[in-house]
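[1] Next come a sequence and a model predicted from it.
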Protein chains: 2
Amino acid sequence: MADLLARSSAVLTGKGGDTALRIAESAMCRDGRVMDLASFRRWFAELGLRTYTRTERVPLEEVEGWSSDPVTGNIGHRSGGFFTIEGLDVHIQDGPVPDWSQPIINQPEVGILGILVKEFDGVLHCLMQAKVEPGNCDGPQLSPTVQATRSNYTRVHRGKPIPYLEYFRDTARRRVITDVRQSEQGSAFHHKRNRNMVVEVTEDVELVDGFCWLTIGQLHRLLAVDDMVNMDARTVLSCLPVAHPGLASVLRPGADGFRSALVRSCDPDTPGIWSMGDVLSWITDVRSRTDVLIRRVPLNALPGWRRVDGRISHESGRFFDVIGVRVEASGREVSRWSQPMVEPHGMGVVAFLVKRIDGVLHVLVHARVEAGYVDVVELAPTVQCTPENYEVLPRSARPRFIGEVERAEPGQIRYDAVLSEEGGRFYHARNRYLIIETDLDTHVEHPDYRWLTVHQLGDLLRHSHYVNIQARSLIACLHSLSAGPGPA
Amino acid sequence: MADLLARSSAVLTGKGGDTALRIAESAMCRDGRVMDLASFRRWFAELGLRTYTRTERVPLEEVEGWSSDPVTGNIGHRSGGFFTIEGLDVHIQDGPVPDWSQPIINQPEVGILGILVKEFDGVLHCLMQAKVEPGNCDGPQLSPTVQATRSNYTRVHRGKPIPYLEYFRDTARRRVITDVRQSEQGSAFHHKRNRNMVVEVTEDVELVDGFCWLTIGQLHRLLAVDDMVNMDARTVLSCLPVAHPGLASVLRPGADGFRSALVRSCDPDTPGIWSMGDVLSWITDVRSRTDVLIRRVPLNALPGWRRVDGRISHESGRFFDVIGVRVEASGREVSRWSQPMVEPHGMGVVAFLVKRIDGVLHVLVHARVEAGYVDVVELAPTVQCTPENYEVLPRSARPRFIGEVERAEPGQIRYDAVLSEEGGRFYHARNRYLIIETDLDTHVEHPDYRWLTVHQLGDLLRHSHYVNIQARSLIACLHSLSAGPGPA
């Protein structure tokens, strides 16, 4: 076995195993070994004073470097890089709204979202960046170590080099814990994916200004704060391996019934209502019986949408606008640029209904069609909607289970925070994320919904095309409940 | 746990487990319980006399029911169903041939390839159909129980109902063993997928003329026969769960070193050179570093291709032609129709190099870009090419490892047969499939190739977008070696 062992130690696993226990230990370390949360808050506030992004709305016609194709109206950057805004014509047979048209961001490039991790005093810490982004409402948010589009790191805009990028570019000699391409909002992006990575280092790493080392436990506490942990950080955190049969000995849920059920749900040996084979067959079935016809069409020929006053809006005033912004930033790769952004109307609701079934926490997921997915459907939160939009849609389009979310008693609400979506493409896009314990009858199921365990979601997260960005955010939030308040 | 158990028994797993052992037992049953191979051969020969497909080439202009769009030249059926033939413009940065154009079959429908299985005398048997298809060279081939495009089963062409289809349509109350959407030839199809299914029944099943029950062992023996087991049957067989730590007790490889290594390679507890995390990260990396730009373009504007004498050909005379055929068939849903087909030039070579590493059989797979894949690359055989085509391509495009295949000694060749590709779209498309044991140094690896164990390939086969159709055929052939000659 010498040959096998030599290889296995040179290139490490990312398979879970002991890594999951080390992540649990980091989750139990609620106040870090490098910087406690009080110091973090001072550092973060001070940084917020020094770094800023001033974002000013401008008409699309005045977005410098970007122009509209005279024939199609599609909006693109003169370099051909970054992204384009085009039109999409969507037909979903038997859907509540079977036909619609919309603008869509076409970003075929696959960027990198990477978190560098390293042990301090035997505890894993994540290198996080306090990053200001043009679309965010208020000050910096915690982002991954590296958050770079391909245009960024191939230097289309000739900005400064990206700190720590090299750890994620040449992975052959690195300990790669997570490495998977995951989708982003299928309602706004055509086939957008980012490479979600977690890489461990043992050597010394120079700390660049604007970066800090936090434990998973600290990040879990910060996930409870509105607009603090950004979307890119949440998706990478959700892809960390957590499944392990020995988790309870580290996370010590004790008499806390909810936490016990959550920890049990992370145990790969604990059966769920459905086997993994059932889950995969169900996804295959939904994908196969859903007739979706997606056509890219010119942006200037979208029924129901119009370009007025330098923005593109739906005639109902709902959904979202495509706007232009001019940005002046410090602490970013370049300090002045303009770009189009998507500005949603209204705050969304993104919620998991969860339930203890025979002592094992199950999550009710929705096999959801979105126009921009690569493979028809992905698993989404139980509820994912912007309630205001439904005022202009047929009653049958009203999301299932929204009533359970609206009627939830305070004691049922396990998680509740307002979190921002990606601030590089979305302008002031915020959703209320909720995890609600329900007593819904598990036997009454809609064919597009299933109760899954947390380790089943973890299995799916090792692959592309299964779990959507909103569900990944909620999975990160759900894990933030696994260690409990613990020692501060 | 009552709730969990009630559900788990109502909807069964497909997870492997005992199913893998029952499949191994069926593989050991080399001559069936329903019909021995001698009787099968008589039945099959007799059926070949009664059923036939007469396929006559006709100019594309005379393919009834099909026409070319006056603007684009794209070829489609008047119903809008089945498929279209369009053009594709391909750019693969850093590829040996970075730019080319080609006709492509656009078949967005996902059909069903399903094998019904049932125990006779405690041994699993597969319900196979002896099916004649217009593109096949010579007589019927063994196909899955159901092999139906969506146009077939939604009856676009108003043919006869498809036998046994109902077992694969409503899976909620069935024992589903395999259910996964898998790609087909990415060099000929744009995003084509079929749903590969294996469903077990316990009730009596009426035997329709043209169908027969065969064990996996019988199918394994028939896989050694040229042009006998069709492509659709091979891909479904490759997706059967085979991984199990207890396999050796059923397959009894004894002193046969090759079979022992193969059986060990199916054991999920046996480590391979690379962990599953490494393999997934490698696939993520190849996908992310491969810049592919695919554009659908009009068929009549493809550089290098021309429509002459009622067919579309490349000016070099290589690759493939798009031709028209008129078909007269008995024993099929409709008895007379016309359609376009793809006729490749030359016979391809499809080969796995395999190697025992520390007693565990490893397969050298290639992360291969094909223009029609949904997610950039899929794992392909070590060698997959049509040697004649390389006479007109740059020398750097010559496939790696073709030398090892050409120089293989008879004792290294573990599998060697000529098998047909799908006879519904391809006209006389045959490839020589080979499995060759090699003594290549495992440490000398190209970044697009990796040594995987058979159970790792099995893990990947539970999901879409990982293993291409040629590799799946070879995996079915590789499994056909696991039980050895055994009792006849």
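    Okay, I see it.
[2] now the end-to-end length of stretch A:379-396.
    21 Å (Cα to Cα, to the nearest Å).
[3] Would you tell me whether that stretch gets close to chain B?
    No - figure legend: stretch A:379-396 not in contact with chain B (Cβ under 8 Å from any Cβ of the partner chain); closest approach 13.6 Å. Every C-beta, even on glycine, is put in place using the N, C-alpha and C of the backbone.
[4] so how far is that stretch from its chain's centroid?
    19 Å (Cα atoms, centre = their mean, to the nearest Å).
[5] try stretch A:412-427
    Remark: stretch A:412-427 is offset 9 Å from the chain centroid, using Cα atoms, centre = their mean.
[6] which of the residues in it are buried?
    Of the residues in stretch A:412-427, A:412, A:414-417, A:419-427 count as buried by neighbour count, 16 or more other Cβ atoms under 10 Å in any protein chain shown.
[7] where exactly do the strands run in the stretch 51-200 of chain A?
    With strands called from DSSP state E, counting those that start in this stretch, the stretch 51-200 of chain A shows them at A:53-58, A:66-68, A:75-77, A:84-92, A:99-106, A:111-120, A:123-131, A:141-143, A:146-148, A:175-183, A:189-190, A:193-201.
[8] Just name the most buried of these.
    The highest average neighbour count among the strands of the stretch 51-200 of chain A, using mean count of other Cβ atoms under 10 Å in any protein chain shown, belongs to strand A:141-143 at a mean of 26.
[9] quick one: contacts of that one?
    For strand A:141-143, the external contacting residues (Cβ atoms under 8 Å, 6 or more residues apart in numbering or on different chains) are A:128-133, A:214, A:219, A:222, A:227-230, A:232-233, A:420, A:423.
[10] who's in contact with A:S68?
    Contact analysis of A:S68 by Cβ under 8 Å, 6+ apart lists A:L60, A:E61, A:N74, A:I75, A:L299, A:N300.
[11] SS state for the last one?
    Assigned by DSSP: H, G, I helix; E, B strand; the rest coil, the conformation of A:N300 is helix.
[12] Would you mind confirming that it is in contact with A:R306?
    No - judged on Cβ atoms under 8 Å, A:N300 makes no contact with A:R306 at a distance of 9.6 Å.
[13] quick revisit: what's the most distant pair in the buried residues of stretch A:412-427?
    Maximum pairwise distance in these, criterion Cβ to Cβ, is 34.6 Å, between A:Q412 and A:G424.
[14] related to what we said a few turns ago, how about the buried residues of stretch A:412-427 in TSV, adding pLDDT, distance to A:I357 and secondary structure?
    Supplementary listing: these in TSV, determined by pLDDT from 0 to 100; distance: Cβ to Cβ, whole Å; DSSP: H, G, I helix; E, B strand; the rest coil:
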residue	pLDDT	distance to A:I357	secondary structure
A:Q412	97	16	helix
A:R414	98	16	strand
A:Y415	98	19	strand
A:D416	98	23	strand
A:A417	98	26	strand
A:L419	98	27	strand
A:S420	97	33	strand
A:E421	97	31	coil
A:E422	95	34	coil
A:G423	95	38	coil
A:G424	93	39	coil
A:R425	95	38	coil
A:F426	97	36	strand
A:Y427	97	41	coil
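[15] closest to B:A24 among those?
    Nearest member of the buried residues of stretch A:412-427 to B:A24, counting by Cβ to Cβ, is A:R414, at 45.2 Å.
[16] Please report how far the closest one lies from B:S249.
    47 Å (Cβ to Cβ, to the nearest Å).
[17] Could you do A:T270 as well?
    Look at A:T270 and B:S249: by Cβ to Cβ, they are 28 Å apart.
[18] Settle it for me: which of the two has more neighbours?
    Neighbours per residue (other Cβ atoms under 10 Å in any protein chain shown) separate A:T270 from B:S249, with A:T270 holding more: 21 against 11.
[19] Tell me who's in contact with the more buried one.
    Contacts for A:T270 (Cβ under 8 Å, 6+ apart) come out as A:R264, A:V360, A:T453, A:H455.
[20] Can you get me a residue count around the second one?
    Applying the criterion other Cβ under 10 Å, we find 26 residues in the vicinity of A:V360.
[21] go on, the first one?
    Residues within reach of A:R264, counting by other Cβ under 10 Å, total 22.
[22] go on, the last one?
    When neighbours are counted by other Cβ under 10 Å, A:H455 registers 26.
[23] hang on, it in a strand?
    No - counting by three-state DSSP, A:H455 is located in no strand; its state is helix.
[24] who touches it in this structure?
    A:H455 sits next to A:V242, A:A243, A:S265, A:C266, A:D267, A:P268, A:T270 when contact means Cβ under 8 Å, 6+ apart.
[25] quick one: the first one and B:E328, what's the gap?
    The spacing between A:V242 and B:E328, counted by Cβ to Cβ, is 60 Å.
[26] ok so, going back, switch the strands of the stretch 51-200 of chain A over to JSON lines; also include mean pLDDT.
    Output for the strands of the stretch 51-200 of chain A, formatted as JSON lines (pLDDT from 0 to 100):
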{"stretch": "strand A:53-58", "mean pLDDT": "93"}
{"stretch": "strand A:66-68", "mean pLDDT": "96"}
{"stretch": "strand A:75-77", "mean pLDDT": "96"}
{"stretch": "strand A:84-92", "mean pLDDT": "95"}
{"stretch": "strand A:99-106", "mean pLDDT": "95"}
{"stretch": "strand A:111-120", "mean pLDDT": "97"}
{"stretch": "strand A:123-131", "mean pLDDT": "97"}
{"stretch": "strand A:141-143", "mean pLDDT": "98"}
{"stretch": "strand A:146-148", "mean pLDDT": "94"}
{"stretch": "strand A:175-183", "mean pLDDT": "97"}
{"stretch": "strand A:189-190", "mean pLDDT": "94"}
{"stretch": "strand A:193-201", "mean pLDDT": "97"}
